[in-house]
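**Student:** Attaching a predicted model along with its sequence, questions to come.
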Amino acid sequence: MHCLRTTVTRLQPLRTAQTAKNLSQTRPLMLERDLRMCQPVRCLSTSVAAEPFLNGTSSNYVEEMYYAWLENPRNVHKSWDIFFRNANAGAVPGAAYQSPPPLLGPSEGTASIQGLVGAQPNVEKLVKDHLAVQSLIRAYQVRGHHIAKLDPLGISCVDFDDTPCTVGLYGLAESDLDKVFRLPTTTFIGGNETTLPLREIIRRLETAYCQHIGVEFMFINDVEQCKWIRQKFETPGIMQFTLEEKRTLLSRMIRSTRFEEFLQRKWSSEKRFGLEGCESLIPALKTVIDKSSQSGVESVIMGMSHRGRLNVLANVIRKDLEQIFCQFDSKLEAVDEGSGDVKYHLGMYHRRMNRVSDRYITMSLMANPSHLEAVDPVVQGKTKAEQFYSGDTEGKKVMSILLHGDAAFAGQGIVYETFHLSDLPSYTTHGTIHVVVNNQIGFTTDPRMARSSPYPTDIARVVNAPIFHVNADDPEAVMYVCNVAAEWRNTFHKDVVVDLVCYRRNGHNEMDEPMFTQPLMYKQIKKQKGVLQKFAEKLIAEGVVTTQYYQEEVVRYDKICEDAYSRSKDEKILHIKHWLDSPWPDFFTLEGQPKTMSCPSTGISEDDLSHIGSIAASVPVEDFTIHGGLSRILKGRANMVGQRVCDWALGEYMAFGSLLKDGVHVRLSGQDVERGTFSHRHHVLHDQNVDKRTCIPMNHISPDQAPYTVCNSSLSEYGVLGFELGFAMASPNALVLWEAQFGDFHNTAQCIIDQFISSGQAKWVRQNGIVLLLPHGMEGMVGTEKLYKSLVLIVFTPKSLLRHPEAKSSFDDMLPGTHFKRIILDDGPAAKNPEKVKRVVFCSGKVYYELIRERRNRNMDAAVAVVCIEQLSPFPFDLIKLEADRYLNADLVWCQEEHKNQGYYDYVKPRLRTTINRTRPIWYVGRDSAAAPATGNKHTHLVELQRLLDTAFDLNAFSGKSS
């Protein structure tokens, strides 16, 4: 209704003299005044049906025609001239098509009428036809990719209905093909022309959207971004390349193809997960890097699975070929620590000159396990860290490229988790270029069994990322699409997807037989001419290169490979560190050893403790209103500072604050970490009167401090832990922490823990300083977690102990000269008379306070010693031995709240026995083995707790038993 009123108002009767006078003014001002001030001279009681084309769909088009007519009646078709003249004369709705009375046109001033306008044309059909053309243009923009020639094999499993792009669907006929139509402003197919015959409109739309490139973008909810994409693909003749660009593209195709053929000739029985069938991936990546380097990018971090990794290392990262070839020699001995990994999992870090931009660029390909997409968030985290440390707040210097397989891109949830980090303030990398190697099969699984969506890339639509599908057997189309993708990222700093629709010439690996499961596909693949051969023939036919030139280029690269192969035979040892993707150059000596293995004092001065404590207990911003409950919390902190004690939250403040004061960046991430799951942290204060106004007191410690980043994450463990792992990988001079909402939620991120954290240094000589905070404890509701081994710091943080009156430390434990206590010794009556102690109870965590309380209630302080192990790994053998030797007459007991198969018992028992040379048994006190971590019933939980406490203090409990 609003559109109808607007149209009728703008088409109101205008006096000829007024029109002529107003045309001397600017049109936008006139129309704006008409729209706001002019009222129809009479009420229109006729229904909308009287003017059937004046509806919400067509009003924009009618207004556009009206604008053109006001400037000059000759700008529009004669039928529109008749219509607007009649409307100006006051014709009633439905009669504006009729032969008009003598009228003065808007550009004729007061000149006399030369005669009546001719016979009435079929204006309604004309309007409908123009609207149909607009709908047809939009159909191509929205659905043109449905009929694009994307599959090199011609057997695409994506079965789309092609009728949306047929003229008959919109009421147009073959007889309309030669009619000329005015082009709407929503297309660029006209170039410098404003009108085109329908036949030419369709031809240009087919060229733009239905050849070897399919563009999905009309779902994007930003008008300027859609307009930008339309211009890149619709402008006539825009996809042109110079002769030099074509020769460079040919050279890159030669390197990509001949590299795989060389490996196949030399090691035909070795798995290498080659790139055959998608050789255009290499020029695709190099095009992205070239264009990005020209735009100012200085560092590119890449992640990919195993398919084509060796080719990317050789021809994109430019790792020395002999170092790749020697990996095929099973006799090489590793000289570095660790186990190493298969060659198609390894990474690389390299800085070199980019010949296109003439600028240096650093490239890093991250190591990745067999878990195909697991590296995605790791890459994003490392990219974010490099942007952070270089002050790159807009992502103009550092960028990420992620390579995916079609089945994994659609099937693995970590892809979705990573996409959802892409626009979050503390996680965005300001645009990632995703390249999908879409070989239309997942191992042996057809796409129709592997996904429910038409394309494997549909996941990207959730973040409004444009998707450029391209036939990978057309290297020029691939190159153009990659140029556009790089420009998009540089312009909008948003994610973009390039879908290389290709095929896999061999099986899943070179030893696999694909004909078992895809016989028809592989019959077609065997007939398929290689992309290099097709491209070379095309360029030779065009006169871009000669046959001799092409053959010489092939021979030249083959010689490069042969020479490198000869040199690779001289390699006798394997340097795993040569494949390191994230070096810490200032952290190690030239021999690769850490510069120091000592543990310096972590204490700070009394003044610093008091100052940081005062910040923790205050609001360092004026006119900032906090919640009343938070005021009580801050007052409690102030009281603790006055008493020179810290609970867990204040102790954390002291640790973070002192590091920040020393210039060490601290980043804390995870679910609800700003406040803390248990409402204990409150590192971000919220103004109760001003929406979104916050204060982070930790950033007010000193003027020259390092920044403190604390950020609530999305509700993800796998993706966010991977991200923080990547962030911590960039520098050893930072404290990067990820906190699980509850400790056992870490099992959702188990892949990152198992494949990257626990084994990363052994496989890839990769260092990392990530800290995992896992809230832990048996409360009868949420269960516990176990994590036996890791190369990084794992802190089992408390839950109920956050407010336990005895879980506090004095400032005296934090002054200069103090160190972290690997174990908490018994300092009561038992320690004074160790020879009289009957039992030593070793434990860890919350149960320590339960044992202390129970021992006090039973008056057994002199008979039972309780030792709390604060550092489980590396195990404190030296300190445990001292305690065991002190209490030579005592039973040795390990006590835990957790079930026997879920706590630390299986980890601790062999280490305790080793410590004492198996001279005494190690008894177990705790819950029996169970499948579930907690009972869920408070009464049952307390009964179980009391039972294990009774056993712990029953000095005859193990009489006559064997361990």
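**Tutor:** Done, it's in. Numbering: from 1, shown residues only.

**Student:** Skip the chain neighbours and tell me the closest residue to Ile922.
**Tutor:** Counting by CB to CB, 6 or more residues apart in numbering, Ile922 lies nearest to Leu912, which is 4.9 Å off, once chain neighbours are set aside. For the C-beta atoms, the positions are set from N, CA and C on the backbone; glycine is no exception.

**Student:** Measure how buried the one you found is and give me the count.
**Tutor:** For Leu912, the tally of surrounding residues (other CB atoms under 10 Å) stands at 22.

**Student:** can you tell me which residues contact it?
**Tutor:** 842, 880, 884, 892, 894, 922 (CB atoms under 8 Å, 6 or more residues apart in numbering).

**Student:** quick check, distance from the helix or strand that contains Val893 to the centre of its chain.
**Tutor:** For Val893, the host element (DSSP states H and E) is strand 891-899. Mean-position distance between strand 891-899 and its chain equals 43 Å (CA atoms, centre = their mean, to the nearest Å).

**Student:** Past that strand, which element shows up next along the chain?
**Tutor:** Sequence-wise, the next helix or strand downstream of strand 891-899 (DSSP H and E) is helix 905-915.

**Student:** between that next one and strand 891-899, how many degrees?
**Tutor:** Counting by axes from the mean of the first three to the mean of the last three CA atoms, to 10 degrees, helix 905-915 points 160 degrees away from the direction of strand 891-899.

**Student:** Could you point out the helix or strand that follows helix 905-915?
**Tutor:** That would be, after helix 905-915 and using DSSP H and E, strand 922-927.

**Student:** Would you mark the buried spots in the helix or strand following that next one?
**Tutor:** Remark: after strand 922-927, the chain's next helix or strand is helix 938-952, criterion DSSP H and E. By neighbour count on 16 or more other CB atoms under 10 Å, the buried set for helix 938-952 is 941, 944-945, 948-949, 951-952.

**Student:** picking that back up, can you put the contacts of Leu912 in JSON lines and add distance to Val378, pLDDT and neighbour count?
**Tutor:** JSON lines is the format used below for the contacts of Leu912 (distance: CB to CB, whole Å; pLDDT from 0 to 100; neighbours: other CB atoms under 10 Å):
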{"residue": "Phe842", "distance to Val378": "37", "pLDDT": "97", "neighbour count": "24"}
{"residue": "Ile880", "distance to Val378": "36", "pLDDT": "96", "neighbour count": "22"}
{"residue": "Ala884", "distance to Val378": "42", "pLDDT": "95", "neighbour count": "20"}
{"residue": "Leu892", "distance to Val378": "42", "pLDDT": "96", "neighbour count": "23"}
{"residue": "Trp894", "distance to Val378": "36", "pLDDT": "97", "neighbour count": "21"}
{"residue": "Ile922", "distance to Val378": "39", "pLDDT": "95", "neighbour count": "20"}
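
**Student:** Between those residues, which sits nearest Leu153?
**Tutor:** Trp894 (62.7 Å; CB to CB).

**Student:** Looks like that closest one contacts Trp923 (just checking).
**Tutor:** Yes. Applying CB atoms under 8 Å, one finds Trp894 in contact with Trp923, separated by 7.2 Å.

**Student:** Output the longest helix belonging to this protein.
**Tutor:** helix 243-266 (DSSP state H).

**Student:** Could I get the buried residue list for it?
**Tutor:** 245-263.

**Student:** Counting by contacts, list what it packs against.
**Tutor:** helix 281-294, helix 309-315, helix 475-492, helix 531-542, helix 547-568 (3 or more CB pairs under 8 Å, 6 or more residues apart in numbering; DSSP states H and E).

**Student:** Pull the contacting residues for Met304.
**Tutor:** By CB under 8 Å, 6+ apart, the residues touching Met304 are 312, 365, 368, 375, 402-404.

**Student:** Mind pulling up the pLDDT for it?
**Tutor:** Looking at Met304, its pLDDT is 94.
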